[in-house]
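Peer 1: Structure for the following, please:
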Amino acid sequence: MSETAGPGGPGTERLRVAVIIGSTRSGRFGATVAGWLTARARRRGDLDVDLVDLADARLPDTLGDHDEPRPPAVRALAPRLAAADAFAVVTPEYNRSFPAPLKTAIDWYYEEWHAKPVTFVAYGRESGGLHAIEQLRQVFTEVHAVAIHGAVSLPCYWNLFTADGGWPKPGADCHAALASALDQLTWWARALRDARATRPYPLAPR
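Peer 2: All right, here's what the predicted structure looks like:
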């Protein structure tokens, strides 16, 4: 594994973060948000970013039973999630919640989430996606992930466009919020990766 002298310190192994675009909706803004997030994460120097677009993953809408073999699309995504040390979920807020394809994606997997940190970058109207974040915290806790305190809320995100169409504006508060969230995510990812290497996480019966 490669090493870096980034924020994690000299000689620190890089961490793999899976950035998940949670919306598959036509005309979605999630890809723009994810592009900003991944660019900022890669700039740090201590993170390897894997961009997971659920629109491309095409996971089945209908979940199988526990003793049934996983469909090909589910099997194809599993190694990428299993290899991640942490997750950053990009989600819109629809009707005070998050999109159904994101819930389906979470439910298709179990061990892949265990003892790994997750942060959220949510966007919406005045609430800024906070209702979606609060519900996602509960869902990820149920699959034994660690929903960290740091997250990014983007209320009325359309106001952050620059005059030439760039997004977000250079002076927007979300830049500092994302930097803080990534600092926390990296701390938890390193701590939990070390813990898993020392002692396997005890799997809970389903």
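Peer 1: Can you read off the pLDDT for the residue of the chain most remote from its centre?
Peer 2: Note on the chain: the largest C-alpha distance from the chain mean falls to residue 163, namely 29.2 Å (C-alpha atoms, centre = their mean). pLDDT for residue 163: 96.
Peer 1: From residue 103, how far off is residue 88?
Peer 2: 17 Å (C-beta to C-beta, to the nearest Å). Placement of C-beta: from N, CA and C, glycine included.
Peer 1: between those two, who's got more neighbours?
Peer 2: Neighbours were counted for residue 88 and for residue 103 using other C-beta atoms under 10 Å; residue 88 has more, 28 against 15.
Peer 1: what about the nearest residue to that one once chain neighbours are set aside, distance to residue 104?
Peer 2: Nearest residue to residue 88 in three dimensions, chain neighbours excluded: residue 19, at 4.8 Å (C-beta to C-beta, 6 or more residues apart in numbering). Noted for residue 19: a distance of 18 Å to residue 104, by C-beta to C-beta.
Peer 1: Mind telling me what element the spatially most central residue of the chain is part of?
Peer 2: Nearest residue to the geometric centre of the chain (C-alpha atoms, centre = their mean): residue 88, 1.9 Å. Residue 88 is part of strand 86-92, with elements assigned from DSSP states H and E.
Peer 1: got the CA coordinates for that strand in PDB?
Peer 2: What follows is strand 86-92, C-alpha atoms only, in PDB (Å, rounded to 0.1, in the frame of the first residue of the first chain):
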ATOM      1  CA  ALA A  86     -14.700   4.900   5.100                       C
ATOM      2  CA  PHE A  87     -17.800   6.200   3.200                       C
ATOM      3  CA  ALA A  88     -19.000   9.600   2.200                       C
ATOM      4  CA  VAL A  89     -22.600   9.600   1.100                       C
ATOM      5  CA  VAL A  90     -23.900  12.300  -1.200                       C
ATOM      6  CA  THR A  91     -27.700  12.600  -0.900                       C
ATOM      7  CA  PRO A  92     -30.600  14.900  -1.800                       C
END
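Peer 1: Spell out the residue ranges of the strands in the chain.
Peer 2: 3-4, 12-13, 15-21, 47-53, 86-92, 117-124, 146-147, 152-155 (DSSP state E).
Peer 1: Nearest to residue 75, out of these?
Peer 2: Among the strands of the chain, strand 47-53 comes nearest to residue 75, with 14.5 Å by C-beta to C-beta.
Peer 1: so the closest one versus strand 15-21, what angle?
Peer 2: Orientation of strand 47-53 against strand 15-21 (axes from the mean of the first three to the mean of the last three C-alpha atoms, to 10 degrees) gives an angle of 20 degrees.
Peer 1: so what strands line up beside strand 47-53?
Peer 2: Paired neighbours of strand 47-53 in the sheet (DSSP bridges): strand 15-21 (parallel).
Peer 1: Now do the partner strand: distance to the chain's middle.
Peer 2: 6 Å (C-alpha atoms, centre = their mean, to the nearest Å).
Peer 1: Just the residues contacting it, thanks.
Peer 2: For strand 15-21, the external contacting residues (C-beta atoms under 8 Å, 6 or more residues apart in numbering) are 8, 28, 30-31, 34, 37-38, 41, 46-55, 80-81, 83-90, 102, 105, 185-186, 189-190, 193.
Peer 1: Please consider this matter closed, and thank you.
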